[in-house]
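*Asks:* sequence plus predicted model, see below.
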Amino acid sequence: MRSNMEQSATLDIETLKITQEHYILASQSLHLPRPGCEGGGCEGGGPGAVYGWRKRGLYFFLLLLLVTMIVNLALTVWILKVMNFSMEGMGSLKLNQDGIRVEGKSEFLSPLYVNEIQSRGEGLLVLKSEKNVTLNARNDQGQLTGQLTVGAEAVEAQCQRLEVRSSEGGRLLFTAEEEEVVMTTEKFTITGSEGAVFGHSVETPLILAKSAEDLKLESPTRTLTMEAPRGVEVSSAQGFLQISGRKDLQLESTEGEILLDANIIQLGNLPLGMFSKSTPQASYEQSIYEVCVCPSGKVYLSPAQSSSTCQIMNNICLWS
C-alpha cells in the first residue's frame, strides 16, 4: 500500500515538471523574432497587420480611389454648371406648376406623350421634321382613333368626322364624313381657271358668278341636266344668256308651261319649209315668214301670206 502511494506521488511530480516545461516553451515562442524582422524592422506586429508589397498596394488603391472621387466630384460640378441646373429646372427647360416650359428649339428622338402643347402668347408653335409630322389620337385601349399626317406631298387626315370651325365663335364651316361632305358657309368660291369638275351630281340652291364675270355650266362629252321639284330659274341680270348644245336642246315641263318673256325673241337658223304641190310656190324675194310648228314640235319657217301657209305634209315635218 505504501509503495503505491509513493509511486503516485512520483508520477504527479513528473507531470508537473512536464507542464512547467510546456509553459516555458510556449512563453519563449511568443517572443521569437519573425522572419524578415531582425533588427527591429517590424512595428506593431498584430495578428491582422499587412506588411511589404501588400501594404504599398493598399496605399496605392486608397490613393487611386481618392483621385477618382475628386475627379467625379469635379465632373459633377462641371455638368451642373454647363447644363445650368437650378431649382426651377435645367437650362431652357423650366418646371412650373402648370407643366414644363421649353425656351428655344427642342429635339425629341422618341415619341412624346402629352395632354397639351401650347406656344407662348407672342410666338408661334412650329413642328419640324425631316420626313413628316404625324399626330395620333388613341382611346383607352390604345386603339388609333384619329391621325393627322403632314408630309412633303400631301396632308392626310384619318378620322370618322372632319370639322372646320371659324376662329370667332367656333361656327361650323365644313364637315366631311364617309357618306357626305357638308359646307355651311354662306358663299363657296372657286377661283381656278378651269373652274370646278364634278364627277357626279351636285345639289345646291344657287350657282352665282362674280360681278362682271361670266357663269358657264358645261358638260363637254355628256349631257347637262338641271332638275328641281319646283322649277329651275336661269337668269342674267346684265348681259345675255346663251344655251347651246351639240345635239338636241330639250326644255320640258311635265305639268306647267315654258314661258319665254322678252321684248325680242329670236330663233336663228330655222329651216325654211316648202309648199306642197297643191299650193303655188312663193317668190324667192319673200321677206316675211311665218313660224310653223310640226306635230313633233320642230319649228320651221314658211313664207307668210294672207292666210297660214303652214303645211302638215311637207318635207320638214315628214323628216322630223
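*Replies:* Alright, I've got the coordinates.
*Asks:* okay, now the unreliable bits of the stretch 51-200 of the chain?
*Replies:* By pLDDT under 70, the low-scoring segments of the stretch 51-200 of the chain are 91.
*Asks:* quick one: the strands in it?
*Replies:* 89-90, 93-95, 100-102, 133-138, 144-150, 155-158, 162-165, 172-176, 181-183 (DSSP state E, counting those that start in this stretch).
*Asks:* distance to Gln242 and mean neighbour count added to these, as JSON lines?
*Replies:* Any C-beta I mention is one placed from the backbone N, CA and C, and that applies to glycine too. Below are those laid out as JSON lines (distance: least, Cβ to Cβ, whole Å; neighbours: other Cβ atoms under 10 Å):
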{"stretch": "strand 89-90", "distance to Gln242": "72", "mean neighbour count": "14"}
{"stretch": "strand 93-95", "distance to Gln242": "69", "mean neighbour count": "14"}
{"stretch": "strand 100-102", "distance to Gln242": "63", "mean neighbour count": "12"}
{"stretch": "strand 133-138", "distance to Gln242": "49", "mean neighbour count": "12"}
{"stretch": "strand 144-150", "distance to Gln242": "45", "mean neighbour count": "14"}
{"stretch": "strand 155-158", "distance to Gln242": "40", "mean neighbour count": "12"}
{"stretch": "strand 162-165", "distance to Gln242": "37", "mean neighbour count": "13"}
{"stretch": "strand 172-176", "distance to Gln242": "33", "mean neighbour count": "14"}
{"stretch": "strand 181-183", "distance to Gln242": "29", "mean neighbour count": "12"}
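*Asks:* could I get those in TSV, plus columns for distance to Val114?
*Replies:* Below are those laid out as TSV (distance: least, Cβ to Cβ, whole Å):
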stretch	distance to Val114
strand 89-90	17
strand 93-95	14
strand 100-102	9
strand 133-138	11
strand 144-150	15
strand 155-158	20
strand 162-165	23
strand 172-176	27
strand 181-183	32
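*Asks:* so which of those strands is nearest Gly273?
*Replies:* Smallest distance to Gly273 across the strands of the stretch 51-200 of the chain (Cβ to Cβ): 51.5 Å, for strand 181-183.
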